[in-house]
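S.K.: Sequence first, then the predicted structure:
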Amino acid sequence: MTTLQLRGIKKSFGKTVVLRGVDLDIDGGEVLCITGPSGSGKSTLLRCTNLLIPPDAGEIYLDSVRVNQRSVRPEWVRQKIGMVFQSFNLFTHLSARKNVMLALRHSRKVSRAEAEKKAVYELNRVGLGDRMDSFPAQLSGGQQQRVAIARALAMDPEVMLFDEPTSALDAESTHEVLAVMTRLAREGMTMAVVTHEIGFARAVAHQIAFFDNGLIVEQGTPAEIFEHPQHERTRSFIQKILR
Amino acid sequence: MENELRDTDPAPPSAGLDFQLAPPAAPPSQPTGRSVGARLRQTLWASRFSLLFLSIGVGIALALVIVMGLAGLYDLNYVIRELPQGVGPAETSLEFATFSYLFGMVGALGLGLIRAYPPKKSLRLSQKMWRWPLYGFASGYVAAIRGTPFLVQMLITLNVFLLEAPQFAYLGWTVFYWSGFFALLINTTGYQAEAFRAGFQSVDAGQIEAAKAVGLGRFRIFFLITLPQGFRLVTLPLANEWISNFKTATVLSIIGVVELFYWTGRNVAVFDGKPIEAFVLLVFFYLIINVTLSRVVTYIEKVRRIPGLGTPTSELTLSRRIFGFGGIR
């Protein structure tokens, strides 16, 4: 089981300091939910993790291999860490099936037939076996997000990052996507999920991290965070999102 | 609600471990995966009225011209007799426009790519050393082409060939043809580069981010994502550039390239002294070629269209129905 460790991650954009030295551990097979007010740097943290945004300082370890150093290609890291975006970001010019196949064919160099088999398998896994030849614009938000999950899963990632996967979706689509994520978690996928879905976090997460102003304010099991938050900031935020 | 915070039951009923997938959705409303032929037939059928109007419009215009000829405003017999003579010059025009356009596209792709991503301030010095000069050259080239008349560009090219490059002397009199072709190529490259720049820049940043996130390198991202999407976004501006290039080729007549306009000029001045007839002939060739092409491009755009990428082509403006172009899209 792969573990992900972040040590002292710092990032600023110009004069705006977004991350002020974040330490985070995700054990293999564990689901970590990150929550907190918007603008607190949660998305930036995820993007730093797979080096979409290179951190200014700090270390990222994947299975105790440091990945943010010159000798490691970011493409290699990103093949091991899958990511799902808030706005889906499916390739608009490709069908669902080809969206899933693209990275397999061109960054893992899998043959067309094998990539196709894998794509069919992954799309069936997220319940979209009947929409494989649809273009993204012909799919609902929930379906698009499930294709995006299948696309990330096809690379057999060791860790999955979810950046507010359901915040652009209506209630029904949210439910579809959370169903897929729940099953993934039960299958033992290591996941870091930025989310405000308290129901999902309670039911699925092993750890919850409360994030504010570029730092982890509090971290613990769902029971600890939701039932007995220690910090005043956590308490007021939890009360607001539970209302 | 605060009571719920301390509630010992952890899972609200709507969002527990009992997530179930919804049953499969209804089949797609817009059928996909059909052959290009089928989609072409569908498009043609859908635009049957548009085609009808176009034929009626062209028919009326032709009828008017013919009536004017019959009424003795100009010599209709002359026009009909001379029409076949224009095929050769029309071919020359087409060849000059098309080949310079295609060869120019190669350079324009590069220039457009360079200009689409201006070097950032945060680059390392070793990167800045070559990125800035490259960007400066591309921008200067485009500015020079767009900022000067084609006539001037052509004459400069010709004189460079004639005076500064004696190794081209073996070309003999065809040096006029070659320098004309080259000038056209240089010109269309600048305009196409701008079209490509716009296309690459309008590819959504999220697409690039997603491609990075699945582990693609930047060359693959360009060839698999940016290029196919950008190309679709600029199909129409690129087709317009061909038409524009075709019309610009009239200027080549000045240095003696026997294309459509040269042929007309000779008809007007030298042989028959029938200017109206000569221009009727000229306009006939230009319209036939350009209207046909713009219809073909409209069909290509519709048939190859991917839902959700680029503006949907509306066929509702009156001008579009009749002529195949114009009107607000």
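M.R.: Sure thing, it's come through.

S.K.: Please tell me how far the residue nearest to B:V214 when sequence neighbours are not counted sits from B:A193.
M.R.: Using CB to CB, 6 or more residues apart in numbering or on different chains and skipping residues adjacent in sequence, the residue nearest B:V214 is A:A103, 3.6 Å away. In this view, the C-beta of every residue, glycine as well, is placed from N, C-alpha and C. To B:A193, A:A103 is 30 Å away according to CB to CB, to the nearest Å.

S.K.: mind showing which ranges of the stretch 1-150 of chain B have poor pLDDT?
M.R.: B:1-34 (pLDDT under 70).

S.K.: Which residue ranges of it form helices?
M.R.: B:2-5, B:36-46, B:48-70, B:76-82, B:87-116, B:125-147, B:150-159 (DSSP state H, counting those that start in this stretch).

S.K.: what's the answer for chain A, then?
M.R.: For chain A, the helices defined by DSSP state H cover A:42-49, A:74-80, A:96-106, A:112-125, A:141-153, A:171-186, A:198-204, A:222, A:232-242.

S.K.: just the stretch 201-329 of chain B next, same as before
M.R.: Using DSSP H, counting those that start in this stretch, helices in the stretch 201-329 of chain B cover B:205-213, B:218-221, B:227-233, B:235-248, B:260-266, B:275-303, B:318-323.

S.K.: Nearest to B:F99, out of those helices?
M.R.: helix B:235-248 (10.4 Å; CB to CB).

S.K.: So which bits of the closest one are buried?
M.R.: For helix B:235-248, burial by neighbour count (16 or more other CB atoms under 10 Å in any protein chain shown) applies to B:235-236, B:238-243, B:245-246, B:248.

S.K.: Over to stretch B:172-191?
M.R.: By neighbour count on 16+ other CB under 10 Å, the buried set for stretch B:172-191 is B:175-177, B:179-191.

S.K.: I'd like to know how many residues surround the residue nearest to B:V214.
M.R.: Using other CB atoms under 10 Å in any protein chain shown, A:A103 has 27 other residues around it.

S.K.: List the contacts of A:Q219.
M.R.: Neighbouring residues of A:Q219 by CB atoms under 8 Å, 6 or more residues apart in numbering or on different chains: A:207-210, A:225.

S.K.: can you tell me how far it sits from chain B?
M.R.: 18 Å (CB to the nearest CB, to the nearest Å).

S.K.: if we can go back for a sec, what is the nearest of the buried residues of stretch B:172-191 to B:G72?
M.R.: B:G180 (38.9 Å).

S.K.: Tell me the pLDDT of the closest one.
M.R.: Per-residue confidence (pLDDT) for B:G180: 93.

S.K.: How much space separates it from A:I149?
M.R.: From B:G180 to A:I149 the distance is 57 Å (CB to CB).

S.K.: How about B:V106?
M.R.: In terms of CB to CB, B:V106 sits 39 Å off from A:I149.

S.K.: So for these two, which residue has more residues nearby?
M.R.: Taking other CB under 10 Å, B:V106 and A:I149 do not tie; A:I149 has more neighbours (26 against 12).

S.K.: Confirm for me that that one is in contact with A:V177.
M.R.: Yes. The pair A:I149 / A:V177 is scored as a contact, 7.4 Å apart, by CB atoms under 8 Å.

S.K.: Now do the shared contacts for the two.
M.R.: A:P165.

S.K.: for the closest residue to A:A137 other than its chain neighbours, what are its contacts?
M.R.: Excluding the flanking residues, the one nearest A:A137 by CB to CB, 6+ apart is B:G308, at 2.4 Å. Contact analysis of B:G308 by CB under 8 Å, 6+ apart lists A:92, A:135-138.

S.K.: So what does B:G308 look like in phi/psi?
M.R.: phi 90, psi 0 (degrees, to the nearest 10).

S.K.: Quick check: the residue of the stretch 201-329 of chain B nearest chain A.
M.R.: B:G308 (2.4 Å; CB to the nearest CB).
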